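S.K.: What would the 3D arrangement of this be:
(one chain, ligands or ions: 2)
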Amino acid sequence: MIEKANILIEALPYIRRFYQQTVVIKYGGHAMVAEELKESFAQDIVLMKYIGIHPVVVHGGGPQIGRMLERIGIQSDFCAGMRVTDADTMDIVEMVLAGKINKEIVSLVNRHGGQAIGLSGKDGKLIEARKHHVFRYQGDDRPPEIIDIGLVGEVQRINVEILEVLEKSNIIPIIAPVGMGENGETYNINADLVAGHIAGALKAKKLILMTDVAGVLNKEGELISSMTVAEAADALQDETLRGGMIPKVQCSIDAVQAGTKKVHIVDGRIPHAVLLEMFTDAGIGTEIFKKRPKSKKE
Ligand SMILES: Nc1ncnc2c1ncn2[C@@H]1O[C@H](COP(=O)(O)OP(=O)(O)O)[C@@H](O)[C@H]1O
Ligand SMILES: CC(=O)N[C@@H](CCC(=O)OP(=O)(O)O)C(=O)O
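M.R.: Ligands and ions are numbered 1, 2, ... in the order given. Below is the predicted model:
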């Protein structure tokens, strides 16, 4: 019995520190694997809300979009970690993200006693976006090649008003990374980048990125348990990071620069990864922050 009490007491300093604070959680498509993991994720989010923390969930769904495109025979290509998105692909992306996945998470959170509302970037003009171009380096003496990857967007502005209204209530926002252009265009945006921008705009205390690896790995494949933003920027330069880890680390740096205290990249395949990260001394995954703290409790 005393062990159970000790576990709760261990959580007390963290509960005090995050009371009434905003925490953004990015739930990656690769972390949405087994049913019991989805349940434990929803429980963690509901528990956070009940103890007075304001969780904001941004979800991905890359693998699920890929499977749907395959089912209906649309080929899908990636360029610099982004899905090349033509109009037909955009329709599927929006259906899968803002329709299927968003409502599945809303329903899970609600079944576990929370009150969740699903939003895409179009709702309340939450995510204003513009077309994203990829620039390919062609040598010092030539201008970069500009590659058109279709309806892929980059965040121009996050209108936090709707989130602030929800924060004052008991409602948990669940956000799909679909952006809205100036002339009503629909844009497909990498979910990590959306989560980073939302964390920055809300001055969230913490951003948790849930994925399918232990955290950021070094060239030897070992876990890097903490990085300053300067070390993270070096890792982006020296090609330690590839594929999906690039936008994660880039958005972590941006979020910290915008005022988020810490970013955690954690393994969403561990049950209750969010709870373990938030409320235990052990901590999991990789944390990214401005300056190295003297202790985890800082
Ligand atoms: N240095 C690295 N450390 C960890 N993961 C890396 C690294 N470089 C590339 N990756 C890849 O990044 C992937 C996570 O990104 P992504 O596939 O976009 O996941 P998610 O759907 O969770 O956002 C990992 O599964 C791994 O294959
Ligand atoms: C432009 C772009 O690549 N958008 C992503 C959006 C979903 C996403 O980011 O999902 P994960 O977090 O699960 O990878 C895509 O189409 O797959």
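S.K.: okay, stretch 107-124 in CSV with CA atoms only?
M.R.: Extracted C-alpha coordinates of stretch 107-124, given in CSV (Å, rounded to 0.1, in the frame of the first residue of the first chain):
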residue,chain,number,x,y,z
SER,A,107,-14.5,9.3,-29.1
LEU,A,108,-11.8,7.5,-27.2
VAL,A,109,-11.2,10.5,-24.9
ASN,A,110,-14.9,10.9,-24.4
ARG,A,111,-15.4,7.2,-23.5
HIS,A,112,-12.8,7.6,-20.8
GLY,A,113,-14.6,10.4,-19.1
GLY,A,114,-13.2,13.4,-20.9
GLN,A,115,-15.0,16.1,-22.9
ALA,A,116,-13.1,16.4,-26.3
ILE,A,117,-13.9,18.4,-29.3
GLY,A,118,-12.3,17.7,-32.7
LEU,A,119,-11.0,20.6,-34.8
SER,A,120,-9.2,20.9,-38.1
GLY,A,121,-7.2,24.0,-39.0
LYS,A,122,-10.3,25.3,-40.7
ASP,A,123,-12.4,25.5,-37.6
GLY,A,124,-12.2,28.9,-36.0
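S.K.: mean confidence for it?
M.R.: Throughout stretch 107-124, pLDDT has a mean value of 97.
S.K.: how about that stretch against ligand 2, any contact?
M.R.: No. Stretch 107-124 does not reach ligand 2 (Cβ under 6 Å from any ligand atom); its nearest approach is 11.5 Å. Where you see a C-beta, it was placed from the backbone N, CA and C, and this is true even at glycine.
S.K.: And for stretch 200-220?
M.R.: No. Stretch 200-220 stays clear of ligand 2 (Cβ under 6 Å from any ligand atom), getting no nearer than 8.0 Å.
S.K.: contact partners of stretch 272-281?
M.R.: Identification of contacts with stretch 272-281 by Cβ atoms under 8 Å, 6 or more residues apart in numbering yields 10-11, 14-15, 18, 23, 25, 31, 40-41, 43-45, 47-48, 53, 206, 208, 210, 264, 266-267, 270, 282-285, 296.
S.K.: Now intersect the residues you listed with the helices, please.
M.R.: Glu10, Ala11, Tyr14, Ile15, Phe18, Ser40, Phe41, Gln43, Asp44, Ile45, Leu47, Met48 (DSSP state H).
S.K.: now, which of those sits nearest ligand 2?
M.R.: Phe41 (13.7 Å; Cβ to the nearest ligand atom).
S.K.: quick one, what contacts that closest one?
M.R.: Phe41 neighbours (Cβ under 8 Å, 6+ apart): Tyr27, Ala31, Leu108, Met210, Gly268, Ala273, Val274.
S.K.: Now restrict those to buried residues only.
M.R.: Using 16 or more other Cβ atoms under 10 Å as the burial test, those include Tyr27, Ala31, Leu108, Met210, Gly268, Ala273, Val274 as buried.
S.K.: before we move on, back to that, and the furthest pair within the ones in helices among the contacts of stretch 272-281?
M.R.: Glu10 and Phe41 (21.3 Å; Cβ to Cβ).
S.K.: Dump the buried ones among the contacts of Phe41 to a markdown table, plus distance to ligand 1.
M.R.: Output for the buried ones among the contacts of Phe41, formatted as a markdown table (distance: Cβ to the nearest ligand atom, whole Å):
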| residue | distance to ligand 1 |
| --- | --- |
| Tyr27 | 8 |
| Ala31 | 6 |
| Leu108 | 18 |
| Met210 | 7 |
| Gly268 | 7 |
| Ala273 | 12 |
| Val274 | 14 |
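S.K.: All set, thanks.
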